[in-house]
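A.B. asks: Give me coordinates for this.
(2 chains)
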Amino acid sequence: MCPLNIKICSKEELTSKIHDPQLKQHEHLFNGEGTTTAENGARNFDLNVTPEVIANNIEEIRSVSSTGLKVVRYSLTGIVDGFNNGQFQKEFVNILETRKFPLDLSEIKANPTKAVNFFELRNKLPTIELQDEFDEVMDLFAHSREKVLEMSTLDAARAKWEYDFEVLKDKTLPQSIGAYLHDWLVRLVPLIEKEIKEYNFARKNIESFERSYSKLCKFSKFDHDRYREKLQYGPFLTLLKPEKLATIVLLESLKCCATSDIHKGASVGTLVSNIGKYIEMEVRSERVLKNDIDKSNHFNKIKQTAEYRKFLRSSKAAKIIEEANRELVGGGKETESLHWDSTSRCKLGACLLSLVLQVAKVDVTAVDPKTGEKKQALAPAFFHTYELVNSGKVGVVKLNHRFAEKLGKERLNQGLQTQYLPMICQPKPWTTHDDGGYLLKESMVMRTKHSIEQKAYVKAAAMQKRLDKVFSGLNSLGNTSWAVNKDVLNVIIKVWNTGEEFLEIPPIVDELVLPPGPPKGASGAERWKHRLDCQSKTNEFSKYRSMRCDLNYRLEIARGLVGERLFFPHSVDYRGRAYPIPPNFNHLGNDVCRSLLVFWKGKKLGVDGLRWLKIHICNLFGKDKIPLSEREAFVNENIDRILESVEDPLNSTKKMMWLEADKPWQFLAASIELSKALKLEDPTEYISHQPVHQDGTCNGLQHYAALGGDTVGAQQVNLIPADRPSDVYSHVAKSVKEYVEKDCAEGREEAILVKDIITRKLVKQTVMTSVYGVTYVGARAQISKRLKDIDYDETEIARVSKYLTDLVFKSIKQAFKGAHEIQDWFAFAAKMISKSVRLDPDQNVDVNFLSSVIWTTPLGLPVVQPYREIKSKAVTTSVQNIMITDPYEIKKVDARKQASGFPPNFVHSLDATHMLMSVNECASRGLMFASVHDSYWTHACDVTTMSAILREQFVALHTKNLVARLKREFEVRYKDLLMEINVTANDPAYVAVQKAKEQMTAKFGRKITMKDEILAEFERRRLLSSGDPFKIDQGKQMVTTISVLEDMNYSVDFKTLNTGSSHGPRMLVPFQLPDIPERGEFDVNVVKESTYFFS
Amino acid sequence: MNLKETYKDADQKLNVVNLCNPVSSLTFAIQDHLKPKNHLIVPNSRSAFNIWEKLKDTDPVCSDFTLSKYYSASVNNNFLNLPIADGYVDPQAQPDKKVNDTLLVLGNFRGTGNQVLFRKLLYFNTLGVCFFAFGNVKMLGWMYCKDVCKYIAPIGDAKRRNNTILGEIYSDIKVIAYEEPEKKVERYFQNLPGATKLTGYRLSKRLAPPNEAICLVEFQSNQNKYDMDYPEVVHFIVKKLYMLKSSPVAHCLAWLGPGAQEYFASKLPQELLNKHNNDLTIEEILHITQLYMDWPFKPDLNVELYADHNITVYNMDEER
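C.D. replies: Numbering: from 1, shown residues only, chains lettered A, B, ... in the order given. The predicted model follows:
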């Protein structure tokens, strides 16, 4: 995140700022001559004015009026800025002409500042070779243009506030918000100065009083406490000038309130923390600049070089550089002595926020309900209130709704991250954990949330060059080039602009109109009905606005990027699953988003490709459970309806086929592609850009079946070759039906009640989530919900849902016996790990302070489960008491989540590994590849090759015994841990341990605790591993509760442990795991021959 | 309680709905004493259902009970619709009578889960739905002494908060009988009009653990107690004013909207502004509501009353 570098400047200064050499930083981005985009740094971004859209011959999108949308549009102007006021086009045209490209470039020459549709231009070239050469020409400029785009996206997120601030110095500017900001700033600065003065006074008087040990204080207790409080946050107020503090708090308050739902307000906790955080960042950034700007700049430049990165990989170098960095950032003594902890940040933020609440006033008008007169007043712009959230009180700061209207009426999307647009050049390749992706913006290869452990593991693995295969997979995914599907975009825009509801596009609802309230004395039922009506209308209104805003952002981005070559830099989540970094527009989105993307590079369909395109269309229609030949035949039989859809997709007189599809927009996109191919004399000659998908059949269960060697399960998830695709859900439904019929014959009441309602849909969700460790209670809730959906007799739901859940679980267990045993083993192992105790005398030993489950994927990626207990603490501030959680505080692991999360997370890490292995292989064979977890995309003509690769890699992955490998890893990783287990009182091991405890008690002279046991064992191990024969001997002589178990060659009887002996005395034993379940007879090699494994 | 007097023709028209009661003397006493026309037992769990089912088969008194298939946790605004449709109960609306003699609700409101149910019923009463749609319905229930304090807390007491106020506006809540209460809540039971202290007497062990004193509470719905033009707004005002316990009124008023503090300061007497929220009388709250409705610059009421107020609280160092 960028620190704010803001200072108050006059109008003249503002003008001169535009010509400031520092702001001309973009100049070096182009090698060519001419003007630059230096103005970017202070472009007139005005909240009151919606920036113009890019002129690119695409119909304008009827936009929702929101700040978020303005930010999107502002960001996208970077695309046009990237043309460098026409310089780029001129050079581009020059090169194309010099290289004698057979293209008509007159239009570009005539309008050099207009957006160029590179995609169409490129596709006009007759050969693939020429198209590739065209790409090379684009590459000459791509990096420079990307840098400008990234500059503008960064600015859009930040500069709009800076700009507002800069103009607020001048009230005469037509900036209603800016004028208010100016006024608030003027009022705020003296209040901050007063606070600082009071702090200085408190420091002088209170501290000297406390040092003097005098019992007489000249202040009352109230004043003493007040001044004492000021001493806590006061020092931080002195680190920046009051003007800068005022600016940060004003902008952050406004931003936080405006970007959260106006109705709901911003949580005070979040707001004050953010204010504190921004001030801290600003202090740090000032410090860096003050220390030595040149040194810092030089150092930063060195940091960008490849040599530096290589050097950085050695751990020694990393240490030196980290220390240097710390010194550089830590800077002066003042910062060193101040600890920026979360409590200080909150108190500082709250102090400044309370001042803002006092000074920020706006003019409002309203009608007096009694007299009907129009009234005008100066009212607070923000107000502090409380809301009930999940029965708890949350303090919030809300905007005055009349002032909020000036900012835009609808919900603003805080998650909107316009600084992360798709890239227009190849992403920077990942070389280490924090270097790759965007050119200017720092990205981490793994999204770790607040897991410090995970960050450390990934960094260590990257340093040891163990992540190279992961990096290469991500780089290949990032290098897949995309273009916006203009044909589909045009149809969507047409529908969008009507403002009517259409498929998943929500309608425009401008105003919230609520029904009139019931008359006085109305019955409770009437009042209740009115209340429900109002609530449902309000929620629907809010839902539609929010959905329309979200889709609007996506469409606006798509529109702005028409004709551009796009790349999605990828990173992984903590399990290794790859995700594109740009959040708003990518191929992982919904049906609309997916339909808007095609591959930049086209490939000739060929006979095979044409067949796969048809199969793809059939899959999108929803018929993906029939043999491939039937899918192709389905498209051939319905070709007239498909072409009719393409011809006039929005024809209202007929029910078009595409509207009946499961994924209508993608169906339309693929149909358009097919129709274009069919227009050719030889459709197989058509150059296709359409991604064709191959989806796994319940991919999690595929991995489980392979792990467990389950033949029946493998058959149901298409790991075994068959003439027709199997459907695991139908299989389970059939199995449940069989059980029910048997029970009916025996006259079981529940069976008779449900015999006619067993369908695939009833069991689907439970089967699907069984991979993810759905609990019995969860599964029963799913089935109950399904029963409610089909209007089943409510009085019987409780009874029959229990019966059905039992049967569904029984059927899954029957089909996936091995997998089920493995799932149980995973959960048990995770439970053992998370409930183990570390031998660590440095920390306050607590049996509940336990280890996370950590494992390494076959590609070398370390996975650390982040589940730890949330620990909050209350901070008293001037606004209210705030509960905060400090992400960097050491917290206990959440043993329950660690255990329940491990089986699905492990399987996710396997599917991620399979995907990365496949992408590496596809890239080496020159295939274009994209993935949405278990859905793999490539060109139609390459589907056969990709399919073979997917199977090869799956076999390669599962040929090794992954569970045995995992067990070995756990045993090595956790060998020093101790587990606490329940035993029976007459267990010989327990008797021996008790004896050892008695000896220790006698030695210690008191009853020993578990901590004593742990420390004694720690000491014994330390002595044994010391290398000093004398100490080793001492260690051998020591008797601990663990050494007696070792002497007995004790091993845990997991059978008893598993069968519920949870009562009885507890005892510490060395970490051990039960044997892994035996693998079934399924031979994974047959997957290579399975047509429907992915199809 | 004069129940015989109140429910004169109980065997002809009284319907007793018994919510999640364990097998207790009250259930049997009411059945025995009033001999109601219908007595619907609404168990709170499957196991309770099984117990009652067994009792019905073995105990002749219980054979008159009707066992509900719906559990008390599923009590909602139209809870009685299905039992009425099934013919298990047939209460009549009696908005003008002091006590509805066709419906009596018995309940067990001991413990956290059952307290949630009681608050839900209190809320239903404010809206006049569920059992209270029939008007002036009486409810008798067991409660822990420590829990009942919040419904009977007098003016000025720290426990006098929104539940007390909403209870007071729409009903009359009184303690009928109580065991020796814990020291810290003793004061709430001193001088309670009409309440009987059960000295030296310990209610069934089934009803409460040894250290928990329990009491029998009468909740008499009385929706027309106050004449209100904007009941929904009254709820909103009460909710806001009692967000924090024992806070100065002037401070609490600030939470009603931007500039509310200044507005009310100009409209309300200083004496009232200086009070704490737990000192407010119902009349004063209704007056504040009226002033709020007259305020031109009040926030958008539609949003305040009906929008879903779930707020996302972000972690302070959330990564972008």
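
A.B. asks: Which of the helices or strands spans the residue in the stretch 151-300 of chain A positioned nearest to chain B?
C.D. replies: As assessed by Cβ to the nearest Cβ, chain B sits closest to A:Ser273 within the stretch 151-300 of chain A, at 3.4 Å. Quick note: C-beta positions are derived from backbone N, CA and C, even for glycine. Assignment of secondary structure by DSSP states H and E places A:Ser273 within helix A:268-304.

A.B. asks: need the residues of the stretch 151-300 of chain B near chain A, please.
C.D. replies: Near chain A, the residues belonging to the stretch 151-300 of chain B are B:223, B:229, B:231-232, B:239-240, B:243-244, B:254-260, B:293-294, B:296-297, B:299-300 when assessed by Cβ under 8 Å from any Cβ of the partner chain.

A.B. asks: Mind doing that once more with 6 Å?
C.D. replies: Residues of the stretch 151-300 of chain B that fall close to chain A, judged by Cβ under 6 Å from any Cβ of the partner chain: B:243, B:255, B:258-259, B:294, B:296-297, B:299-300.

A.B. asks: Most neighbours among these, please name it.
C.D. replies: Within these, most neighbours by other Cβ atoms under 10 Å in any protein chain shown means B:Pro258, with 29 neighbours.

A.B. asks: Can you tell me how far it is from A:Arg187?
C.D. replies: Distance of B:Pro258 to A:Arg187, computed by Cβ to Cβ, to the nearest Å: 16 Å.

A.B. asks: contacting residues around stretch A:350-364?
C.D. replies: With contacts defined as Cβ atoms under 6 Å, 6 or more residues apart in numbering or on different chains, stretch A:350-364 is touched by A:180, A:184, A:187-188, A:191, A:233, A:249, A:253, A:272, A:275, A:377-382, A:384, A:402-403, A:877-879.

A.B. asks: Convert the C-alpha atoms of stretch A:756-771 to PDB, please.
C.D. replies: Below are the C-alpha coordinates for stretch A:756-771, written out as PDB (Å, rounded to 0.1, in the frame of the first residue of the first chain):
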ATOM      1  CA  ASP A 756     -41.000 -41.300  -3.800                       C
ATOM      2  CA  ILE A 757     -38.700 -38.400  -3.200                       C
ATOM      3  CA  ILE A 758     -35.200 -39.800  -3.700                       C
ATOM      4  CA  THR A 759     -33.600 -37.900  -6.500                       C
ATOM      5  CA  ARG A 760     -30.100 -37.000  -7.600                       C
ATOM      6  CA  LYS A 761     -30.700 -33.400  -6.500                       C
ATOM      7  CA  LEU A 762     -31.600 -34.500  -3.000                       C
ATOM      8  CA  VAL A 763     -28.300 -36.100  -2.400                       C
ATOM      9  CA  LYS A 764     -26.100 -33.900  -4.700                       C
ATOM     10  CA  GLN A 765     -25.000 -31.200  -2.200                       C
ATOM     11  CA  THR A 766     -24.200 -33.800   0.500                       C
ATOM     12  CA  VAL A 767     -22.100 -35.900  -1.800                       C
ATOM     13  CA  MET A 768     -20.300 -32.900  -3.100                       C
ATOM     14  CA  THR A 769     -19.500 -31.600   0.300                       C
ATOM     15  CA  SER A 770     -18.600 -34.900   1.700                       C
ATOM     16  CA  VAL A 771     -15.100 -34.300   0.200                       C
END
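
A.B. asks: Compute the distance from the centre of that stretch to the centre of its chain.
C.D. replies: In terms of Cα atoms, centre = their mean, to the nearest Å, the centre of stretch A:756-771 is set 29 Å apart from its chain centre.

A.B. asks: Touching that stretch from outside, list them.
C.D. replies: For stretch A:756-771, using Cβ under 6 Å, 6+ apart, the contacting residues are A:700-701, A:729-730, A:732-733, A:736-737, A:779, A:782, A:786, A:808, A:812.

A.B. asks: swap the cut-off to 7 Å and go again
C.D. replies: A:698, A:700-701, A:704, A:728-730, A:732-733, A:736-737, A:740, A:774, A:779, A:782-783, A:786, A:790, A:792, A:808, A:812, A:904, A:907 (Cβ atoms under 7 Å, 6 or more residues apart in numbering or on different chains).

A.B. asks: what mean pLDDT does stretch A:366-381 have?
C.D. replies: What stretch A:366-381 shows for mean pLDDT is 90.

A.B. asks: What of stretch A:108-116?
C.D. replies: 78.

A.B. asks: got the end-to-end distance for it?
C.D. replies: Taking Cα to Cα, to the nearest Å as the measure, stretch A:108-116 stretches 7 Å from start to finish.

A.B. asks: Give me the below-cutoff pLDDT ranges for chain B.
C.D. replies: B:21-23, B:200-210, B:307-320 (pLDDT under 70).

A.B. asks: Report the contact partners of A:Trp184.
C.D. replies: By Cβ under 7 Å, 6+ apart, the contact set of A:Trp184 is A:250, A:359-360.

A.B. asks: A:Asp624 belongs to a helix, doesn't it?
C.D. replies: No: counting by DSSP: H, G, I helix; E, B strand; the rest coil, A:Asp624 is located in no helix; its state is coil.

A.B. asks: A:Pro725 versus that one, what's the distance?
C.D. replies: As judged by Cβ to Cβ, A:Asp624 and A:Pro725 stand 8 Å apart.

A.B. asks: Among the contacts of stretch A:756-771, name the ones in helices.
C.D. replies: Taking DSSP state H as the definition of helices, the contacts of stretch A:756-771 contribute A:700-701, A:704, A:728-730, A:732-733, A:736-737, A:740, A:779, A:782-783, A:786, A:808, A:812, A:904, A:907.

A.B. asks: how many neighbours does A:Val879 have?
C.D. replies: If you count neighbours by other Cβ under 10 Å, A:Val879 ends up with 22.

A.B. asks: Which other helices and strands does the helix or strand that A:Glu229 is a member of contact?
C.D. replies: Taking DSSP H and E as the definition, A:Glu229 sits inside helix A:221-237. Judged by 3 or more Cβ pairs under 7 Å, 6 or more residues apart in numbering or on different chains; DSSP states H and E, the packing partners of helix A:221-237 are helix A:176-202, helix A:342-359.

A.B. asks: got the buried residues for the shortest one?
C.D. replies: The neighbour-count criterion (16 or more other Cβ atoms under 10 Å in any protein chain shown) identifies A:342-357, A:359 as the buried residues of helix A:342-359.

A.B. asks: Let me know the distance separating the nearest residue to A:Pro427 once chain neighbours are set aside from A:Pro583.
C.D. replies: Using Cβ to Cβ, 6 or more residues apart in numbering or on different chains and skipping residues adjacent in sequence, the residue nearest A:Pro427 is A:Pro569, 3.6 Å away. Distance from A:Pro569 to A:Pro583, counting by Cβ to Cβ: 12 Å.

A.B. asks: neighbour-wise, which of these two wins?
C.D. replies: Neighbours were counted for A:Pro569 and for A:Pro583 using other Cβ under 10 Å; A:Pro569 has more, 26 against 16.

A.B. asks: where's the closest residue in space to A:Glu741 that isn't next to it in sequence relative to A:Ile196, distance?
C.D. replies: Excluding the flanking residues, the one nearest A:Glu741 by Cβ to Cβ, 6+ apart is A:Lys755, at 7.1 Å. A:Lys755 sits 79 Å away from A:Ile196, going by Cβ to Cβ.

A.B. asks: Those two: who's more crowded?
C.D. replies: A:Ile196 (16 against 13).

A.B. asks: Contact residues of the stretch 301-450 of chain A facing chain B?
C.D. replies: Residues of the stretch 301-450 of chain A lying near chain B by Cβ under 7 Å from any Cβ of the partner chain: A:342, A:364, A:366-370, A:375, A:377, A:379-380, A:383, A:385-389, A:393-394, A:396, A:400-401, A:417, A:449-450.
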